[in-house]
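*Asks:* sequence first, predicted model second:
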Amino acid sequence: MNETNKLAENTTAEYIAYEEFRDGLPRGRFKGIVNPDLARRFVLYRLHVTPIAIAIIGPGIAIALLGYTVIGALMVTAGVLFRWAVKREAAKFLVHLTARTPAAYYEATTHGVMEVRRI
């Protein structure tokens, strides 16, 4: 066996079906290895965080321009903090999302966002 085949065997992990992952995760049978950069983008996209943040920030700016500065500033701050908090905890959101949604599990595991290994 040449070096390329050995390397390929060591880097590829077995695919674990969603049902097996869903049932085994609470029992500690699996370990999820999450790519943090891809997880942030995946979770922001999957949960539609940016459009929600814009929907909070935009009216906040409008309210601030109408003279209600404190309320507007609070809305803008809430929108920015919402997006920041989701990005910061993206790995936790990803594991929760993949444990409950088969489509999210399939996308995350096939696109390299998360790798699932048996313990």
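*Replies:* Done, it's in.
*Asks:* residue 14 versus residue 48, what's the distance?
*Replies:* Relative to residue 14, residue 48 is positioned 32 Å away (Cβ to Cβ, to the nearest Å). (Each C-beta comes from the backbone N, C-alpha and C, glycine too.)
*Asks:* what's the neighbour count on residue 117?
*Replies:* 11 (other Cβ atoms under 10 Å).
*Asks:* equivalent analysis for residue 36, please.
*Replies:* 11.
*Asks:* now do the contacts for the nearest residue to it once chain neighbours are set aside.
*Replies:* Sequence neighbours aside, residue 91 is the residue nearest to residue 36 in space, at 6.3 Å (criterion: Cβ to Cβ, 6 or more residues apart in numbering). Going by Cβ atoms under 8 Å, 6 or more residues apart in numbering, residue 91 touches 34, 36, 39.
*Asks:* who's more crowded, residue 48 and residue 14?
*Replies:* Taking other Cβ under 10 Å, residue 48 and residue 14 do not tie; residue 48 has more neighbours (10 against 7).
*Asks:* still on that earlier bit, backbone dihedrals for the residue nearest to residue 36, both of them.
*Replies:* phi -60, psi -40 (degrees, to the nearest 10).
*Asks:* helix or strand: which one has the residue most central in space within the chain?
*Replies:* Most central in the chain under Cα atoms, centre = their mean is residue 43, positioned 2.9 Å from the mean C-alpha point. Applying DSSP states H and E as the criterion places residue 43 in helix 36-46.
*Asks:* helices or strands up against that helix?
*Replies:* In this structure, helix 36-46 makes packing contacts with helix 69-88, helix 90-100, helix 102-110, judged by 3 or more Cβ pairs under 8 Å, 6 or more residues apart in numbering; DSSP states H and E.
*Asks:* pick the most buried one from those helices.
*Replies:* For the helices and strands packed on helix 36-46, the largest average neighbour count (mean count of other Cβ atoms under 10 Å) is found in helix 90-100, namely a mean of 19.
*Asks:* C-alpha coordinates for it, CSV please?
*Replies:* The C-alpha coordinates for helix 90-100 follow below in CSV (Å, rounded to 0.1, in the frame of the first residue of the first chain):
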residue,chain,number,x,y,z
ALA,A,90,-22.0,28.6,17.2
ALA,A,91,-20.5,25.3,18.1
LYS,A,92,-23.1,24.6,20.8
PHE,A,93,-25.9,25.8,18.5
LEU,A,94,-24.6,23.5,15.8
VAL,A,95,-24.6,20.4,18.0
HIS,A,96,-28.1,21.2,19.2
LEU,A,97,-29.3,21.8,15.7
THR,A,98,-27.8,18.7,14.2
ALA,A,99,-29.1,16.5,17.0
ARG,A,100,-32.7,17.6,16.2
